[in-house]
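Undergrad: Quick one, structure for this:
(chains A and B)
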Amino acid sequence: MATRSELSAFLESVERRAFKQAVFAVRDEEAALDIVQDAMLRLAEKYGQRPAAELPLLFHRIVQNAIRDWFRRQKVRSLWTTLLSSLSPGRGEDDDQDPLETLQAADGSNVQEAPAEQVERAQVLEIIEQELMNLPARQRQAFVMRYWEELDVAETARVMGCSEGSVKTHCSRAAHTLAAALKARGITL
Amino acid sequence: MNEPQFGDKIRHILNQGLSLDPRKAERLKAARELALARKRPEPVGALAWAGDMVGDLGGWTGLSLRVLAPIVMLLIGFGAIYTWQQNQRADELAEIDAQVLTGDLPIDAYLDRGFQNWLKTRAAEQ
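TA: Numbers count the residues shown, from 1 in each chain, chains lettered A, B, ... in the order given. Presented below is the predicted three-dimensional model:
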């Protein structure tokens, strides 16, 4: 059974990558923070008694489910927003987040990068993150699980709830699309 | 460059982008601490073993559903069968008693050996 310190160390090691993955999927940092928080709570409450070795797979699965739940809620919310805005035009837009907030946050991450190499590296990182976001959801999920989270094919298949063959296909397509996109933007790894 | 090599390079670059601004880092830390506070306390000694067993069976809810529920159903089933059999036996005895008491034949006739033999041979003939 995972001890409190093991669970803490695990969450600390995985929380930032989970946050980034959620951002890639939902493209909203606040929502991504909520998703990671929900996933942490669910893991601790429901699976806190499981052995530490089982935590990574459980957590990734919970994060993926939380992302799926977020999209479901968004679908319902957008339906209601559409209905209400059609009844009272121009009112629904007031509830949206200010896009400047997101822009400011994105700009702020680059302010302290002074040396040219660091700037270039940050730009490459940003482009890779953008291209990852542009991938189809399942391809991105498979690629990130396999090569960022370093899960093997069988584990990735379990997290995604699909066959190992599908994981290989998704990964291969994601890698080719990503490589082509980076090449088109003049980036060589 | 093959797929795993490409994946390794992407991982290396993505890992460089894990630094977050203080507000987000603080938020994640608070979420982690909240999650740890919600974790159930660790059982000690024999309780730990019992906890592991229970955990394997899907927690206390899973245990009650998977193990206790079938046992309770089985016990209820046995009780129902026993009660039904007892009622059936009581009904049969009551019917025999009623036939004996309402018959024209005197009760002593049923104690007579010859009469019983006659009943048997008559039943065999029919």
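
Undergrad: The chain: helices as residue ranges?
TA: All of this refers to chain A. A:4-26, A:29-47, A:55-87, A:99-108, A:116-134, A:137-143, A:153-160, A:164-184 (DSSP state H).

Undergrad: wait, chain B
TA: B:3-16, B:22-38, B:46-56, B:59-63, B:69-102, B:113-125.

Undergrad: which stretch in these is the model least sure about?
TA: Within the helices of chain B, the stretch with the lowest mean pLDDT is helix B:46-56, showing a mean of 59.

Undergrad: How about the backbone phi and psi for residue B:17?
TA: phi -100, psi 20 (degrees, to the nearest 10).

Undergrad: Relative to residue A:73, how far out is the nearest residue to it once chain neighbours are set aside?
TA: Leaving aside its sequence neighbours, residue B:17 sits nearest to residue A:125 (CB to CB, 6 or more residues apart in numbering or on different chains; 4.4 Å). Heads up, the C-betas are built off the backbone N, CA and C, glycines and all. From residue A:125 across to residue A:73, the span is 30 Å (CB to CB, to the nearest Å).

Undergrad: neighbour count winner among those two?
TA: Taking neighbours as other CB atoms under 10 Å in any protein chain shown, residue A:125 and residue A:73 compare with residue A:125 leading, 16 against 11.

Undergrad: got the contact list for the residue of chain B with the smallest separation from chain A?
TA: Closest residue of chain B to chain A, CB to the nearest CB: residue B:7 (3.0 Å). Shown in contact with residue B:7 (CB atoms under 8 Å, 6 or more residues apart in numbering or on different chains): A:143, A:146-147, A:171, A:175.

Undergrad: again, only using 7 Å
TA: Contact analysis of residue B:7 by CB atoms under 7 Å, 6 or more residues apart in numbering or on different chains lists A:146-147, A:175.

Undergrad: and the gap between it and residue B:123?
TA: 90 Å.

Undergrad: which parts of chain B sit against chain A?
TA: Residues of chain B found near chain A, taking CB under 7 Å from any CB of the partner chain as the criterion, are B:3, B:6-7, B:9-11, B:13-14, B:16-18, B:20-21, B:24, B:27-28, B:31-32, B:34-36, B:38-40, B:42, B:48, B:51-52, B:55.

Undergrad: Now a PyMOL select for only the buried ones of those residues.
TA: Entered in PyMOL, the line below selects the buried ones among these, by 16 or more other CB atoms under 10 Å in any protein chain shown:
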select buried, chain B and resi 3+6+7+10+11+13+14+17+20+24+27+28+31+32+35+36+39+51+55
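
Undergrad: Read off the pLDDT value for the most centrally placed residue in chain A.
TA: Geometric centre of chain A, nearest residue: residue A:21, 1.8 Å, by CA atoms, centre = their mean. With respect to pLDDT, residue A:21 scores 92.

Undergrad: And for residue B:105?
TA: Reported pLDDT for residue B:105: 73.

Undergrad: ends of stretch A:134-153, how far apart?
TA: By CA to CA, to the nearest Å, the extent of stretch A:134-153 from end to end equals 23 Å.

Undergrad: how is chain B carved up into domains?
TA: B:1-40, B:51-126 (automatic domain parsing).

Undergrad: measure the shortest one end to end?
TA: Spelled out, that is domain B:1-40. 47 Å.

Undergrad: now it, how far from the chain's geometric center?
TA: 43 Å (CA atoms, centre = their mean, to the nearest Å).

Undergrad: residues in chain A within reach of chain B, list them.
TA: Residues of chain A lying near chain B (CB under 7 Å from any CB): A:1, A:3-4, A:7-8, A:11-12, A:15-17, A:19, A:33, A:36-37, A:40-41, A:43-45, A:48-50, A:108-109, A:121, A:124-125, A:128-129, A:146-148, A:171-172, A:175, A:179, A:189.

Undergrad: and those residues, which are buried?
TA: Judged by 16+ other CB under 10 Å, buried ones among the residues of chain A next to chain B: A:1, A:7-8, A:11, A:15-17, A:19, A:33, A:36-37, A:40-41, A:43-44, A:48-50, A:124-125, A:128-129, A:146-148, A:171, A:175, A:179, A:189.

Undergrad: And for stretch A:140-158, what's in contact with it?
TA: A:17, A:21, A:24, A:57, A:60, A:64, A:132, A:159-160, A:163-164, A:167-168, A:170-171, A:174-175, B:7, B:10-11, B:14.

Undergrad: separation between the closest residue to chain B within chain A and residue B:6?
TA: Going by CB to the nearest CB, chain B is nearest to residue A:147 of chain A, at 3.0 Å. When distance is defined by CB to CB, residue A:147 is 8 Å away from residue B:6.

Undergrad: Check residue A:169 too.
TA: Distance from residue A:169 to residue B:6, by CB to CB: 16 Å.

Undergrad: next one: residue B:27
TA: Distance from residue B:27 to residue B:6, by CB to CB: 33 Å.

Undergrad: Please apply the same query to residue A:48.
TA: Counting by CB to CB, the gap from residue A:48 to residue B:6 is 37 Å.
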